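quick one, what's the 3D model for this:
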Amino acid sequence: EPTGERSAAGEADWGAAIVSGPGEEGPGIDERGGAGESLAAHLDAQVGALTDDPILSGTARYIIGLLDEAGYLPVRLDDIAMDLGVARAVVEAGLRLVQTLEPTGVGARTLSECIALQAIEADRHDPCMARLIENLDLVARGDLSRLKRLCAVDDEDMADMLAELRGYDPKPGLRFGGETLGAVTPDILVTARADGGWDIRLNEATLPRLIVNRGYYVELKGTCEDKTSRAWLSEKLGDANWLIKALDQRQKTILKVASELVKQQDGFFRHGVSQLRPLTLRAVAEEIGMHESTVSRVTSNKYLNCARGTYELKYFFSSGVASASGEGGASAEAVKAAIKQLIDAEDPKAVLSDDTLVDLLKEKGFELARRTVAKYREAIGLGSSVQRRRQKKIAAGG
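From the prediction side, this is the model:
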C-alpha cells in the first residue's frame, strides 16, 4: 500500500522535468486559485449521487475529510479502518468511490497514483504510459534512453507521452479554494469557569444531526410480509445505527483530545503564547491511551475557540527549544513571539542584529544558536537587520 507520503523532492522533480519541459504545460497556479468552493464541499456533493449505501457514503465522506489541500490522502487505510471500526475492504471501497470523483486524481496516495488516475480517465493508461508513470524519478532525471527501453517506444512516441504527461495535474485539489481563517467555525469551545478550571465542549453548530426515523421503520416493517424484505430492512437499520455510533465515537475522541490539549497548554490559555509549551502528538496519545496517528487525524482541520481567539488544534503542538536555566523548555511559538516582540520594540537607529537577539533572548530564558534565531525570524516574515534598517529609513522618509 502506498504510504501517502509525497516527498517535496518528488514534487520538485515533477516541476523540473514536466512543467518546465517543451510543449503544452499543465494547469498553472493562476488557473487554480480563487475558487470559492472548498475541495471537500465539491467532493462531498458528488457522493450522494453515486451511492445510497450509508456505510459506503459515510466512509467516502470520512476519507474526503482527511484529504490534504492538494487532494491527496496522507493516511493509511488500516488506520482509517481502525478509526471507523470497519473492515479494510470497506475502506478500500470508500477510497475507490472517492477516486471516481471530479477532479480526477483526488484520493491518490502518491504522485504516481494521482497521475495514473488521470491517465485512466483519459483512456490513455496503456502499458507504455503505465510504465512511464511508474518511473517518474527517471523522467525527473531526464534519463530518456532508459525510459525508451522500459516503455519499448521510439523517440517520437516518447516525446508524445511526455507531452501528454505535462497535461496532467499533480495537485488537482488546488483548483479549489480552502476555508479562510476568518470564515472558520470552531469545533471546540473553551471558556473559563468561576472555579479557575476550563469548560470544554463541542460546538453543536458543527455537529452532524442524524437520527433514525423509528416511525418510518415501524411503518415499513409492518408492510414486510416476506423474510427477505424483513432482513433487508433490519440490515438498513443496522447500517444507520452504525453510522450514528461512529459519528458519536468520533465526537468523543475529539473532545478527549481537546481536553488533554487544554490541560497540557494551561499556561497558554491563562497567559498567552509566551507560556506555550513544547508538545508532541505522542505525549498526548500516551496520556489519553490512543494511537499517535489517531490524535494526528483528530487534530487536522479542527479549530478551537477561546478568549484569545480561534486556533487550529495543530497550533498547540510545537517543537521545543532549550531553556537557559536548563529546566524544561519553551515552545518554538513562544520563541517566535519573543523575537517579534523584541524587533517590534527596536530603536530604528539601533536595529537589532541576530547576534544581539541571541543575547536578549538568553536574558529571557531562551538558549538558541544564531542560525536558529535567524530561522525563526524568517519564519515569521521579519527581514534581516540590514533589510529592516533600510525599511525603517524609507518609512522615515530619508
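
three-state assignment of the most centrally placed residue in the chain?
By C-alpha atoms, centre = their mean, the mean C-alpha position of the chain lies nearest to D68, the distance being 4.2 Å. Taking DSSP: H, G, I helix; E, B strand; the rest coil as the rule, one finds D68 in the coil state.

and the closest residue in space to it that isn't next to it in sequence, how many neighbours does it have?
Spatially, and ignoring its direct neighbours in sequence, D68 is nearest to P74 (5.7 Å; C-beta to C-beta, 6 or more residues apart in numbering). Where you see a C-beta, it was placed from the backbone N, CA and C, and this is true even at glycine. Burial of P74, expressed as a neighbour count using other C-beta atoms under 10 Å, amounts to 16.

would you tell me what helix or strand P74 is located in?
With secondary structure defined by DSSP states H and E, P74 is part of neither a helix nor a strand.

and the pLDDT at the residue nearest to the centre of the chain?
Predicted confidence (pLDDT) at D68: the value is 89.

with the one 4 residues further on instead?
For Y72, the pLDDT comes out at 94.

for R146, phi and psi?
phi -70, psi -40 (degrees, to the nearest 10).

mind listing what the closest residue to it other than its chain neighbours touches?
Beyond its immediate neighbours in the sequence, the residue positioned closest to R146 (C-beta to C-beta, 6+ apart) is L138, lying 5.7 Å away. Contacts for L138 (C-beta atoms under 8 Å, 6 or more residues apart in numbering) come out as R146, L147, L150.

pLDDT weak spots in the stretch 201-350 of the chain?
Of all residues in the stretch 201-350 of the chain, those with pLDDT under 70 make up the ranges 208-209, 211, 217, 273-274, 318-331.

ok, and what's touching stretch 334-348?
Contacts made with stretch 334-348 from outside it, assessed by C-beta under 8 Å, 6+ apart, are listed as 272-276, 321, 352, 357, 360-361, 364, 366, 368, 373, 376-377, 379-380, 382, 388-389, 392-393, 396.

can you give me the helices in the stretch 201-350 of the chain?
Counting by DSSP state H, counting those that start in this stretch, one finds helices in the stretch 201-350 of the chain at the ranges 214-223, 227-264, 266-271, 281-288, 292-298, 332-344.

so the residue nearest to D68 is in contact with I63, correct?
No: taking C-beta atoms under 8 Å as the contact criterion, P74 and I63 are not neighbours in contact, 11.1 Å apart.

about what we covered before: would you reformat the helices of the stretch 201-350 of the chain as TSV and include distance to D155 and mean neighbour count?
Formatted as TSV, the entries for these read as follows, by distance: least, C-beta to C-beta, whole Å; neighbours: other C-beta atoms under 10 Å:
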stretch	distance to D155	mean neighbour count
helix 214-223	66	10
helix 227-264	54	16
helix 266-271	61	16
helix 281-288	50	16
helix 292-298	46	20
helix 332-344	52	19
